[in-house]
Every structure is written in structure tokens, then in C-alpha cells.
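K.L.:
Dropping the sequence and predicted coords here.
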There are 2 protein chains.
Amino acid sequence: MSNGPTLALVGATGAVGTVMIDIINGRESVPWGEIRLIASPRSAGKKITVRGEELTVIALSPEAFDGVDVAMFDVPDEVSAEWAPIAAERGAVAVDNSGAFRMDDDVPLVVPEVNADKVADRPRGIIANPNCTTLSMMAALGALHREFGLKELVVASYQAASGAGQDGVDRLYAELDAVSGKGLGAKAGDVRAALEAGGLSLADTPFAGTPLALNVVPSAGSYKGDGWFSEELKVRNESRKILGIPDLKVSATCVRVPVVTTHSLAVHATFEREVTVEAAHKVFEAQPSVVLVDDPENGRFPSPAEVVGNDPTYVGRVRQALDFPNTLDFFVCGDNLRKGAALNTYEVAEQLAPEFS
Amino acid sequence: MSNGPTLALVGATGAVGTVMIDIINGRESVPWGEIRLIASPRSAGKKITVRGEELTVIALSPEAFDGVDVAMFDVPDEVSAEWAPIAAERGAVAVDNSGAFRMDDDVPLVVPEVNADKVADRPRGIIANPNCTTLSMMAALGALHREFGLKELVVASYQAASGAGQDGVDRLYAELDAVSGKGLGAKAGDVRAALEAGGLSLADTPFAGTPLALNVVPSAGSYKGDGWFSEELKVRNESRKILGIPDLKVSATCVRVPVVTTHSLAVHATFEREVTVEAAHKVFEAQPSVVLVDDPENGRFPSPAEVVGNDPTYVGRVRQALDFPNTLDFFVCGDNLRKGAALNTYEVAEQLAPEFS
């Protein structure tokens, strides 16, 4: 164990935890001394190699946080709600990827490219990681906001199955296998019938009782009243908080699509100041964590198949709106498990490391 | 042959033509005397049963239009461009589903629920059928416009493979088969690699050189300059013309999704007058060709899998925008081969029939 702060990963064996370990292993260097893997008692004892060292997963308990400087949480809301404060009590800074604390006034919601300074603003010792759909566009939108002053946002999402966890991925694969080679999707209800015939009850799906294979599902998250689903309200509330624009006008429609991993967003953004495609391109090119893929004449634009597994936010299809002043339309993709979850969380943790050296 | 006007279907053996025949066969009654099937010389001689009568497809020629009162065209732009005027010369009213004449000042662009009166306004004897993406929302949007006065429109589409023709459908099925059961879509470029290994070159795809299986492709139609693709400009130009709002503000981003048939649109619509969800629901419920599916709390909303093969326009996820006055957000689905193509064309033809009785 080398000299350096101690990093804990809570939820080390879950879908996001697995990507987190992949990210840690892929870093050129890490500032950490000890890395500690924590999970449910069921997963304790598992051996996972991190930075060339075989680590043993330990069970979640208050003592697991002794000596921990930064504790990243990739667990369900209710687990974070209970354990992040315990970690904080034990002297760790909790960086939480769940929805438990995101909108609390005394918890900063951080995207390092946008509001890294807020990391210091943590009276409870907890920092929250934004929702994956919001994160898909934040690096790009934050850069545009700094330059042009964002004031209105209309977005439609194309969200991947892994946004609903490993269950979502497993379900999508099972559905695709069930419909494969049968010429389905051309007659009323034929996909549903094939799934049910294949033992894939629509009652057991993570996708609102609706097929996802050969389909799109305009429902993401849980119902929150007045017609809104939670993902849509998160996009609005979290964008306002991260960008520091409390009165930002936002409308979002969130739709699940049959993609495994990587969320996409069609964005219509209105600014205080004049924008051109050329000026937007310059802003994107200057942003290290954004990759501009925008040569439509030659068929170059971002898409999940090309983006998945990569760290940056990919932007393309940048157009000056024809009828709306100071407005851009564009298309953005981001791996929802990486920048949308594990990578952003890790970047916040990295931001904290110097405090403990 | 019974008494009644003569209807011709040009392109009887194509993807849309096949749906057209299905629609004609499904009508409770038809006003036509003779129905004549016309296609390329290659398809001439084929026998197809229409309304219980076995008809023989004849080859496209000027004489094929002799005695025809209404000629529906479901053929590529260049074929319509050449032959619709010939049909008109021979005394037929050409109802054309292609893009050849849609934006011509002297050709009406008709959606019967919205602007049926324009059918009479045809100096060249040609009436155009709108683009499928525009048509997906016109019945619903037209009804809202009449009540509340539409002034701004921001849309993101989720367009099906059959919008790119039978080639599009065949390609999607082939891609899905190639990726089936392999756990793909989780690593950078793995879908592309699997397609190429399976002999599905990305050079030969109707989807802009990009995988469609396990992906979404933010490109529909042909490139038109300034970052815009043709589908996006059609949505703007045709919506303005059909609704009779020449200065309607429109931004569209058109995206292809791995669905076989049925287009969807996330719509953000701003009106002159105040709107509520309740008032919008009443408008939709009063519109015969619109079906409202909007009970989000109980997981009820439209999706392609449930809409495909049906005639109406399905609307759901109706919400009052939280930050934009007089604005609704909603989700609409329509079978792009039916209301998006063949059905609307047939409805215009039906509208014309009484002129010839």
C-alpha cells in the first residue's frame, strides 16, 4: 500500500461498480493509497483485481469506512440514503451516484467540467452525482452556457436499457432473441404476442409493461404526477442546479430505446447571446471532455454504437435553428455507465484527492 | 365492374402499394367502379386480389391512364415527376405520395382532417401527399391548432426502418439477426465489427453507413446543407403548408430507430392561447382519427409495438410544459406506411370520388 488517500467503492460488484473498476484500472495513474471494495454481505469475499492488486470485497458495515477518505456509492437510493451519512460520520467524503441527495440544498451536485468549485460546499460531507440522462449533455451544454448564456432547453431522449440496470440489459437481450428472425414488428401486437409466447411476460419487464425490442417506450423512471415521469423532472431540476440557472426553462420527454448502453439526446437550446454553428464548434473543440463529430455531408455524427465504452461526451448535428433566435439544435451521446455514472463519480473523487495528501 | 369512378394505383407491388391494397380491401365500402393496378414492366402480369376480384397488374404507360378518374402514386420521386403530369393530361387527378410536387405553389398538400378544402385547389390536376414523419403528427396537431392557434414547434423523431423502404426493413432484420445472442452493444464498436464479420458491410446500408441494430442514427433523408437533413426540412416546410401557418417556427431533429414500422415524435408545441392537459384531451377525444392513450400512472401511452397496423394517430404523454406558457409536451405515434403514406393518400382519393359520380 502506497502513500495516498484511501478510496472506497461501495457497490463494487454491481453494474456501475464493475464499470467503475474498469475506469480505475484504465487511468494512467491514480492518487490513491489503499482502494477498498465494499458490497452487500452476499458479495463479500469476492476477489477483484484493481491496479494489478487482488482485492477482497468486504461487507458493508460502519467499520468498513474506518480510515476511508473518499467513499464512492454506486448503490440504490435507499442504500445510499442510509449509508452515505454513516460514511460521512466516519470521516469520509461520500460521493453518491444515487438520487437520494441530489436536490438537497446542503449537498452539491457536481459535474467537474461545469461546477468543480462546488465540491468544497459540502456541509454534510456528501456530494451527489447527477442522473445519467442529465450527465449525457452537461459537459457540452455547460461549455455552451459559459460562452452564450443558456436560458431555455427542450430535450427528447433516447435512453439505453442499462439505464434501468442489469435487469434492463438482460431483458433487452432476451426480448431481442425472442423476436429474432421472425419478421415481427409489422403487424399490430405481433411483438407482444411473440414475447408472451416465449415466456417473457410483459408484467415482469423493467420497461413499463411494454416491449422494448423493435419498439420505443416513452416512459423512463417512476410516475410523479401531472403527466411527468421522474427522468424528465430530473433533467429539469438537475440541469438548473448544476448549471446554476434556477429559472432555466426546461421541457424534457424521456424515451427508452432498444440500445444496450449509451444515452442520446436531441437538444434545442436557446441562449441569451447570439450563437452560430461555427462559434459552437469552437467551444466544443476547446472542451477537453467533449468530442465533436459533425460532418453531416459525409455521414459523420455521433451514435451509441460508436460512442459506447468511451469516456467523452460526443456532439454532432449542430445546427442554427431556422426560426428561433439565439438557438442551436444538436445531438449528443454519452455512455450512461461511464460519464453518465461511474466516470463522473470518479472524477469528483479525483477532485477531492489533493485535500487528503 | 360496378358503376363508379375508376381508381388507379401506380406502384401497386411496392411496399406502400401493398399496404394500399390492404387498406382498400379493409374498407367497409368503396366508391369505385374499376380499380386498376399499375406498376413497372417488371411487375406487370402479377395477379392481386382486390375487393374479392383478381386483378392483373399492368405496365406503366400513358394509355394505362385512359378512363382513370383518380390515380394514386406510390413510387419514387423521379417516377412521379415524370408520370403524374401524364396521368393529369389524360384526365386523371393524380394523388402523389412522393416528394416531387409537395412544395409547389400550384399543388395542394392535403391531410383531410386538416385541410380537405384544398383538394379543390389543383390547377395542375395533381394533389400531393405529405411526408410520413409530418403525417405522424398532423391529425393531432391540426386539431390542437384549430382550438389553440399553433405558433411554435420543436420536435424530435423516432423513425422506423420502413421509412427507408423495403431495403430499410430487410437491412434492419439482417442486422438484428447478425447481433442476436452475442451480448453486443456494450463495448466500443462491437456492433459494427459483428456486422462486418457477418458480411453486412456498412457501405451498403440505407442508414448513413451506421448500424441501426442496437443503435439510433441521427440522420434521415439526404443532406441539404447548413447541417440539415431533408426529413427535418420537410417537417418544417410541410407543417407550415398543411396547417396554413407560413411563419410557424419549427425545429426538428430526425433520428432513425430500430423499429420496423411506425414513426414516433416527441412534440413541444407552443400556442397563441392558453392550453391545459384537460382541454387538449377533449380536443383529441373529439377528433375521430386520433386515439388518446394517456394514463401514465397506469403505464398507458402509445408505442410503435401497439400502434403498428392501425389507422389512427395515437397520442399520449400529454403534459403542460412547466416553464413555457401556452405550451404542451406530448408523444405521438403513427404507422408510417398507413396514415404516413397509403391511408392518407387513399383518404384524399376518397375525398375526390364524389366529383366523378
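P.N.:
Great, that's in hand. Residues are numbered from 1 along each chain as shown, chains lettered A, B, ... in the order given.
K.L.:
only C-alpha atoms for contact and neighbour calcs from this point on.
P.N.:
Fine.
K.L.:
And the residue of the stretch 251-357 of chain A closest to chain B?
P.N.:
Residue nearest to chain B within the stretch 251-357 of chain A (C-alpha to the nearest C-alpha): A:Val259, separated by 4.4 Å.
K.L.:
What about that residue? Give its phi and psi, please.
P.N.:
Main-chain dihedrals, A:Val259, degrees, to the nearest 10: phi -120, psi 140.
K.L.:
Quick check, it in contact with B:Leu184.
P.N.:
No: with contact defined as C-alpha atoms under 8 Å, A:Val259 does not count as touching B:Leu184 (9.8 Å).
K.L.:
And these two? Which one has more around it.
P.N.:
A:Val259 (29 against 22; other C-alpha atoms under 10 Å in any protein chain shown).
K.L.:
quick revisit: what residues do A:Val259 and B:Leu184 have in common as contacts?
P.N.:
By C-alpha atoms under 8 Å, 6 or more residues apart in numbering or on different chains, A:Val259 and B:Leu184 have no common neighbours.
K.L.:
can you give me the strands in chain A?
P.N.:
A:7-10, A:35-39, A:47-50, A:53-56, A:58-59, A:70-73, A:93-96, A:126-128, A:150-158, A:249-253, A:263-271, A:290-292, A:313-320, A:327-334 (DSSP state E).
K.L.:
Pick the most buried one from those.
P.N.:
strand A:70-73 (a mean of 30; mean count of other C-alpha atoms under 10 Å in any protein chain shown).
K.L.:
quick one on the thing from earlier: what spatial separation is found between the residue of the stretch 251-357 of chain A closest to chain B and A:Ala193?
P.N.:
Distance of A:Val259 to A:Ala193, computed by C-alpha to C-alpha, to the nearest Å: 22 Å.
K.L.:
show me the contacts for the closest residue to A:Ser157 other than its chain neighbours.
P.N.:
Counting by C-alpha to C-alpha, 6 or more residues apart in numbering or on different chains, A:Leu265 is the residue found nearest to A:Ser157 once chain neighbours are left out, at 4.4 Å. Neighbour list for A:Leu265: A:Ser136, A:Met137, A:Val155, A:Ala156, A:Ser157, A:Tyr158, A:Phe331, A:Val332, A:Cys333 [criterion: C-alpha under 8 Å, 6+ apart].
K.L.:
I'd say the third one and A:Ala266 touch.
P.N.:
Yes: because the distance of 5.6 Å satisfies C-alpha under 8 Å, A:Val155 is recorded as touching A:Ala266.
K.L.:
got any residues that touch both of those two?
P.N.:
Shared contacts of A:Val155 and A:Ala266 (C-alpha under 8 Å, 6+ apart): none.
K.L.:
which parts of the stretch 51-200 of chain A sit against chain B?
P.N.:
Contact residues, the stretch 51-200 of chain A versus chain B (C-alpha under 8 Å from any C-alpha of the partner chain): A:154, A:156, A:158, A:173, A:176-177, A:180-181, A:183-192.
K.L.:
Swap in 10 Å and give it another go.
P.N.:
A:152-158, A:160, A:162, A:169-170, A:172-174, A:176-192 (C-alpha under 10 Å from any C-alpha of the partner chain).
K.L.:
The residue of chain A most remote from its centre and B:Gly334: what is the separation?
P.N.:
Most distant from the centre of chain A: A:Lys187, at 35.2 Å, with distances by C-alpha atoms, centre = their mean. According to C-alpha to C-alpha, A:Lys187 and B:Gly334 sit 13 Å apart.
K.L.:
between these two, what contacts are shared?
P.N.:
Shared contacts of A:Lys187 and B:Gly334 (C-alpha atoms under 10 Å, 6 or more residues apart in numbering or on different chains): B:Thr261, B:Val307, B:Val308, B:Gly309, B:Asn310.
K.L.:
Quick check, A:Ile35 in contact with A:Arg51.
P.N.:
Yes: contact criterion C-alpha atoms under 10 Å: A:Ile35 and A:Arg51 qualify, at 9.3 Å.
K.L.:
Name the residues contacting each of the two.
P.N.:
Contacts common to A:Ile35 and A:Arg51, judged by C-alpha under 10 Å, 6+ apart, are A:Ile24.
K.L.:
For chain B, what is the nearest residue in the stretch 101-250 of chain A?
P.N.:
For the stretch 101-250 of chain A, C-alpha to the nearest C-alpha, closest residue to chain B: A:Leu214, 4.4 Å.
K.L.:
who are the neighbours in contact with the spatially closest residue to that residue that is not a sequence neighbour?
P.N.:
Distances taken as C-alpha to C-alpha, 6+ apart place B:Val259 nearest to A:Leu214, at 4.4 Å, with adjacent residues excluded. The contact partners of B:Val259, by C-alpha under 10 Å, 6+ apart, come to A:184-186, A:212-216, A:257-258, B:158-162, B:169, B:172-173, B:212-213, B:304-305.
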